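Novice: Please work out how this folds:
(6 chains, ligands or ions: 12)
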Amino acid sequence: MEEIITLDYGSGGLRTSQLIESILVPAFHNPTLEDLGDGAVLPTMDGPLVYSTDSFVVTPWRFPGGDIGKLAVCGTVNDVCMAGGQPKYLSLSFIIEEGFLMEDFKTIVNSIATTAQLAGVQIVTGDTKVVERGKGDGIYINTSGVGPQRAAGLSRKAIRPGDAVLVSGSVGCHGAAVLMARGEIPFAGELLSDCRPLHQLSAAALEAGGVRILRDPTRGGVATTLNEFVEGSALTIELEEDAIPVDPAVAAACDLLGLDPLYSACEGRMLAVVSPGQADAVLDALHQTSGGEHAAMIGRVTESRPGHVVLRTALGGSRILGKLTGVQLPRIC
Amino acid sequence: MEEIITLDYGSGGLRTSQLIESILVPAFHNPTLEDLGDGAVLPTMDGPLVYSTDSFVVTPWRFPGGDIGKLAVCGTVNDVCMAGGQPKYLSLSFIIEEGFLMEDFKTIVNSIATTAQLAGVQIVTGDTKVVERGKGDGIYINTSGVGPQRAAGLSRKAIRPGDAVLVSGSVGCHGAAVLMARGEIPFAGELLSDCRPLHQLSAAALEAGGVRILRDPTRGGVATTLNEFVEGSALTIELEEDAIPVDPAVAAACDLLGLDPLYSACEGRMLAVVSPGQADAVLDALHQTSGGEHAAMIGRVTESRPGHVVLRTALGGSRILGKLTGVQLPRIC
Amino acid sequence: MLFDEKFRRPDGIQRLVKELWDISQETGPIRLMEICGTHTMAIAKAGLRSLLPPSIQLLSGPGCPVCVTPAGAIDEILRLSGLPDVILASYGDLLRVPGSVRGDTLLRRRALGAQVQTVYSPMEALEIAVQHPDQEVIFLGVGFETTAPGTAACILEAKEQGASNFSVLCLLKSTEPALRALIHAPDFAVDGFLCPGHVAVITGSDAFAFLPREFGLPAVVSGFEPADLLFSIYRLAEMLRQKAPALENEYTRLVCPEGNPAAQSAMERVFLPTDSLWRGLGTIPNSGLALREAFSPWDAAKKFGFSPSPTVELAGCQCGEVIRGACRPEQCPLFGRVCTPADPVGPCMVSGEGACAAAYRYQT
Amino acid sequence: MLFDEKFRRPDGIQRLVKELWDISQETGPIRLMEICGTHTMAIAKAGLRSLLPPSIQLLSGPGCPVCVTPAGAIDEILRLSGLPDVILASYGDLLRVPGSVRGDTLLRRRALGAQVQTVYSPMEALEIAVQHPDQEVIFLGVGFETTAPGTAACILEAKEQGASNFSVLCLLKSTEPALRALIHAPDFAVDGFLCPGHVAVITGSDAFAFLPREFGLPAVVSGFEPADLLFSIYRLAEMLRQKAPALENEYTRLVCPEGNPAAQSAMERVFLPTDSLWRGLGTIPNSGLALREAFSPWDAAKKFGFSPSPTVELAGCQCGEVIRGACRPEQCPLFGRVCTPADPVGPCMVSGEGACAAAYRYQT
Amino acid sequence: MCLAVPLKIVSIAGKHAVGTAAGLSQNIRVDFIPDLKPGDYVMVHAGFAIQKLTKEQAEENFACIQEAIDAL
Amino acid sequence: MCLAVPLKIVSIAGKHAVGTAAGLSQNIRVDFIPDLKPGDYVMVHAGFAIQKLTKEQAEENFACIQEAIDAL
Ligand code: SF4
Ligand code: SF4
Ligand SMILES: [Mg+2]
Ligand SMILES: [Mg+2]
Ligand SMILES: [Mg+2]
Ligand SMILES: [Mg+2]
Ligand SMILES: [Mg+2]
Ligand SMILES: [Mg+2]
Ligand SMILES: [Mg+2]
Ligand SMILES: [Mg+2]
Ligand SMILES: [Mg+2]
Ligand SMILES: [Mg+2]
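Specialist: Ligands and ions are numbered 1, 2, ... in the order given. Have a look, this model is predicted:
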């Protein structure tokens, strides 16, 4: 009989302790967590802190290139990095639907532990809830993360005309990979999520200097994120279609469904707006960092169409890229 | 036609921005949040920090004495307080099932805002996901919280024989109120959750001095929490049944179902183990603080039965109170 | 609550306790059995055992419907839970009891998708049937004489309403035949019985008169408050000291000699005695209640079949012996090693105050 | 991808564009209509409009199945979504289109509990029916001639399998009758047509010969890559300059004069022409496809009824006029104020590249 | 399984009644209790009243026990 | 709604076939395409192949256009 997670594991009683002591603490072992109090006591960190949270509801929980555990660590690590922080500590909270296989839970926990180690963060506090059958979708995970500020002043307000727009790699892979794993794209084949932690890429960019703002183009994709940079401002972002790296399989999958990779989520890509003088230096730094081999300069900041993102097409035409209007790609992160 | 939350609101696109800008930012307005980056930048806090997280899955989302929004703030505020911190900043993350009424969402957001203000915390970063119909239970909320450490060394390891065990008020109200709201207790009537922030009570206790450990007896109730204090140690907690404050309606509801208020969750009560010399001072301080009017000394730490919690009954007998073995009160926080 | 308050914190407890210690000096070891699971709970909650002299031993008898339901019956219930469009309605107690496969419970089946709803009253189960006309609702009717009249009333109501998607799996049991079987067992070693107060409300206290009359065993019908229980135990010990076994009714505020005639007649209208299989006691003639022919459409056993295997039990589990008082929990080879409250093998470890669960907490 | 790569980044684009500017100097304003919704998307994606002289105007015609489905039909679909045990299977496009009540869409109904599944192919809908034998699966068969053969094949397969819980709500439409109705409308003002390449794969390019022959309108059957479109537009403009209207086939790699006979015969076997209601065009004789009598068991309209009200439309919405090219989006009184992409009133605002949605993004 | 609680009857309608305790109320069945009036007390098991309960009987019961203890 | 993509056929079984593009594969129906062989290319709409496509035809099509442009 396969071991499953039942409501008892969320009761706060014996089973909950078992889960914590036999699976979670050993996987994440660190002195802060082992205290198992109501909260963790973090050592003094100097200066301002960066703090972020995300919940992860991706279905299926396992997808080519990752799983919800890896995603939950990357998602928050990346948000802290993008906001200029150096992620050090994560909180971790599960909402598990009863009947979830214990074996699968262990797989996810291991994936969290591995990714956390890779990203250099410690899981220091957590929570586990179990909900009734039919009230969840296997497993949902929330993480929050905190760490010292590495760079101050990153903000859309810092963007200036002439700035370069960089992306750390090909766009839209995660969204397409999850859609395919869901069976929403009627294709089979290897289409890997780009899910990965951005701590090294963001550090490399910040070190090279001249960075105005960083952002990981998750839900809504590159197009929506860039819109957020300029909406309501006097600035325009002009992208060169030919310069934007798109994986051929992602392009094929999107073509089939009339979707646009520019609106498909990435979970391991970084957008950077960089001062004109530093753009090449940042691009070089990204190229020399793991995960940034295919970084590219994809556009410039101008004032041609205030508040808008404009795409120069391969044909030489242009079109306005708006924000995503609704679920194009349902529930992918 | 009633406005509902659809998958579009979790798409990361236009609807998501609408929700954030028209409902969330105005409700929680503070300069940190308004930046709307990937994460919040928190001003420098000196010394060690206390950090905690919890997810809230209570059903129904509205119960006598509170709702999931109030609970989500109190739960994390209280965990930070119990771990010796002064909660200052919260993260807030929603998982909403599509079809949830916008009106109800606004109610919950208002409740979060009100409770946060009451507890002196700011919501500084957040996330909103929408899941498909049938993959949730209306709404789930995760919060995490962080703040400077107010008192160091709070730990079960600090407990000594002779210490007094205090509770800040009557036990088990939240669990019973939620069970009744769920229709699991076939009773009707006013049975209010004890849900409330413990920032003042914990501050009062710590100020009075001599506190070894604080804990809010949530899932698993007073009995399970006290077991966690002594399990595996040489210590015993001996409780006096007659000294434990239990609301008559809670007692009646529990009697009917053969449940035990000592295993029923509280969401606004504090357990404190206090050095013998300071017990009266702490109790006085609690009595003078709002929410602590019915605080009571309910037991002592001894070495009579190492690792166990023993209840002296009204009859003069004694029984061992173990940890909760499984869901007695299903899904109440 | 209400009038029971003073039964909770009575004066003179010290004197009663002292008296019991004195008596036990005279009588030597005394083994008393409480039949009712609610008595077991109440004794534990009041910490009564800690007040008694070690030579007065309280044994938990076959009065917890969960503990006496055999694994084969649970297997059948688990089978029913897997039928399409079937909702099982059950008292919460049954949800953690494993069938013949360890860990296979209704709670697990529900986690895997079976529709199992907990109810507080059989009437709730009937309401579920009304609310789900497209589904079949099966009420798991466990219990003794206290529970049987309500179950009967529910079946009468279902018939009156013509509820065609509702049925009762009748696992109701009778106290007297079980006690007789217990007494006739070769390893029987009980000196007196604490008789179930709420069963007696229905049956009348006279239903227990056979204990002293036929077997010379003292018997006290007891209430459930600490004073009720301590006083009843005192009376049993005193009768043993006096060697004057009799039936006494301690619970006079609720129990009369002849019981509740309206409740009895409802049972009579709906049920017939039938042979029934008990965990640890085997099949006892006329110890169960079955639905009369006229109620066949509401009989889940007829509607969905019900053939519990009499032989399957969890290997090694001594629950049967424990229930008979023939074996202490600590003597079970699985106790504490394989079988723990967090991962129970037998039903006596399932309930928080089951004999084995209680013993587990007190071993250190 | 594949052989299309070179149609994406062709050489000599500058020369083509310059030629178009030159032509437009001579001809004055030119109004060209692309009929196919996929052309509309492709034109937008390539940023073609930004390359054209302002006097060459591209209009989006009645070739988006979503845009031409009237509110009354959506109302009926919403009704079907509320039937018990019914699963609707639909192309994603239809999910955001409101019925006569603003905001009332399949997406909303699904959020409130209706079973609506998106499919990529009619065969997926049939598979859903096989997987859910206890439910009724209704496939929402919208589309034009490109989509009709697959829908026909699916219905033939359902009949062969004897699938009794599957049916198709046939909303398929024919291109030619719609074009004729458009041309006969009093406010018709289009100078040439970009004809739908994938429709022509099925029908053959000859199906559009009536345009120059009967109405003197130049027509080019076009592919979907940037070079296809720009070149086809150039050909239309050039024919207008030459005053030599003809039918040309730019999409020769896929389209032949007579079309795909196997696909045509599948349509023929399953469907009959029927009168059909179009948003903005009213009822057009023989402009829709209905299931033949022999396929009645798979006809959702017969199984569940289907009586769209011809009169209900969202008050103020000018989608019909926009589709006819009789009104620019900006001229609609709701445009940009009440009706936005985030909260669309009419179907032309629903699709990301619908005429109104596109216009909204370009107004500043 | 024979858990029962005493409730005070506040209203009766045929076989149905409402009982209260500590400010809480419950719908119960009173099939087996003839001549029930509002204000009466009943012992309730699994939603059914199984017996009437009077203050006098409770006091008599208690007095009996107390007397026996006092006699020790 | 007339979105279509070109796929390369890798296998055929009656009315069913498997097509690929960019390393991805899809089950399609080929009811309307006679004489199809693995290695052929088809244009696919809503899961159905609607026409065969050859490299030669594509090149001819392109050459035609290019020629016309060059003549400008
Ligand atoms: S210890 Fe477990 S296995 Fe042994 S008798 Fe008790 S319940 Fe059965
Ligand atoms: S702006 Fe909106 S309401 Fe007006 S025609 Fe366009 S879609 Fe219809
Ligand atoms: Mg806590
Ligand atoms: Mg975040
Ligand atoms: Mg994020
Ligand atoms: Mg927690
Ligand atoms: Mg981000
Ligand atoms: Mg916590
Ligand atoms: Mg907590
Ligand atoms: Mg987020
Ligand atoms: Mg219930
Ligand atoms: Mg699908």
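Novice: and the closest residue to ligand 7 within chain C, how many neighbours does it have?
Specialist: Residue nearest to ligand 7 within chain C (CB to the ion): residue C:111, separated by 34.6 Å. Where C-beta positions appear, they are placed from N, C-alpha and C, glycine not excepted. Here the number of neighbours of residue C:111 (other CB atoms under 10 Å in any protein chain shown) works out to 23.
Novice: From ligand 8, how far off is it?
Specialist: To ligand 8, residue C:111 is 24 Å away according to CB to the ion, to the nearest Å.
Novice: likewise residue C:326?
Specialist: 48 Å.
Novice: Which pLDDT value belongs to that residue?
Specialist: The model reports residue C:326 with a pLDDT of 85.
Novice: And for residue C:72?
Specialist: 92.
Novice: Need the nearest residue in space to it, chain neighbours excluded.
Specialist: residue C:308 (3.5 Å; CB to CB, 6 or more residues apart in numbering or on different chains).
Novice: give me every residue that touches the residue most central in space within chain E.
Specialist: Centroid check for chain E by CA atoms, centre = their mean gives residue E:42 as the closest residue, at 2.1 Å. Taking CB atoms under 8 Å, 6 or more residues apart in numbering or on different chains as the criterion, residue E:42 is in contact with E:6-7, E:9, E:19, E:28, E:30, E:33, E:36, E:49-53.
Novice: In three-state terms, label it for me.
Specialist: What DSSP: H, G, I helix; E, B strand; the rest coil gives for residue E:42 is strand.
Novice: bridging residues for it?
Specialist: residue E:7, residue E:52 (DSSP bridges).
Novice: tell me how far the ends of stretch C:109-120 are from each other?
Specialist: End-to-end distance of stretch C:109-120 (CA to CA, to the nearest Å): 20 Å.
Novice: likewise stretch A:16-26?
Specialist: With CA to CA applied, stretch A:16-26 spans 15 Å between its terminal residues.
Novice: Kindly report the same for stretch C:32-43.
Specialist: End-to-end for stretch C:32-43, by CA to CA: 13 Å.
Novice: Pretty sure residue C:79 sits in a helix.
Specialist: Yes: Residue C:79 forms part of a helix when assessed by three-state DSSP.
Novice: Tell me how many other residues crowd it.
Specialist: 16.
Novice: from chain C, which residue is nearest to ligand 9?
Specialist: For chain C, CB to the ion, closest residue to ligand 9: residue C:342, 21.6 Å.
Novice: again, but for the stretch 101-250 of chain A
Specialist: For the stretch 101-250 of chain A, CB to the ion, closest residue to ligand 9: residue A:127, 6.9 Å.
Novice: Phi first, then psi, for that residue.
Specialist: Main-chain dihedrals, residue A:127, degrees, to the nearest 10: phi -160, psi 150.
Novice: residues in contact with the closest residue to it other than its chain neighbours?
Specialist: Spatial nearest neighbour of residue A:127, chain neighbours left out: residue A:93 (4.2 Å); criterion: CB to CB, 6+ apart. Residue A:93 is in contact with A:126-129, A:141-143, B:53-55, B:142, B:144, counting by CB under 8 Å, 6+ apart.
Novice: helix, strand or coil for residue A:93?
Specialist: Here residue A:93 takes the strand state, with states given by three-state DSSP.
Novice: Model confidence for it, exactly?
Specialist: Looking at residue A:93, its pLDDT reads 98.
Novice: Helices of the chain, start to end?
Specialist: All of this refers to chain A. Assigned by DSSP state H, the helices in chain A fall at A:14-19, A:25-28, A:31-34, A:68-82, A:102-119, A:173-181, A:199-208, A:221-230, A:248-257, A:279-287.
Novice: should've been chain E
Specialist: Counting by DSSP H, the helices of chain E are E:55-70.
Novice: What are the contacting residues of stretch C:211-221?
Specialist: So stretch C:211-221 is contacted by C:179, C:183, C:190-197, C:200, C:205, C:208, C:232, C:235-236, C:239-240, C:244-251, C:255 (CB under 8 Å, 6+ apart).
Novice: of the residues you listed, buried ones?
Specialist: Among the contacts of stretch C:211-221, those buried by neighbour count (16 or more other CB atoms under 10 Å in any protein chain shown) are C:179, C:190-197, C:200, C:205, C:208, C:232, C:235-236, C:239-240, C:245, C:247-251, C:255.
Novice: Keep only those of those residues that are in helices.
Specialist: Counting by DSSP H, those contribute C:179, C:197, C:200, C:232, C:235-236, C:239-240 to helices.
Novice: Output these in a markdown table, with pLDDT appended to each entry.
Specialist: Formatted as a markdown table, these follow (pLDDT from 0 to 100):
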| residue | pLDDT |
| --- | --- |
| C:179 | 95 |
| C:197 | 96 |
| C:200 | 98 |
| C:232 | 97 |
| C:235 | 98 |
| C:236 | 98 |
| C:239 | 98 |
| C:240 | 98 |
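Novice: any chance of those in CSV, with distance to residue C:136 too?
Specialist: Shown next, in CSV, are these (distance: CB to CB, whole Å):
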residue, distance to residue C:136
C:179, 36
C:197, 36
C:200, 36
C:232, 44
C:235, 49
C:236, 47
C:239, 51
C:240, 52
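Novice: Let me know the closest of those to residue A:256.
Specialist: residue C:197 (73.2 Å; CB to CB).
Novice: Could you pull up the residues touching residue A:216?
Specialist: Residue A:216 makes contact with A:78-79, A:82, A:198, A:225, A:266-271, B:38, according to CB under 8 Å, 6+ apart.
Novice: from these, which single one is nearest chain C?
Specialist: Distance to chain C, by CB to the nearest CB, is smallest for residue A:267 among the contacts of residue A:216, at 30.6 Å.
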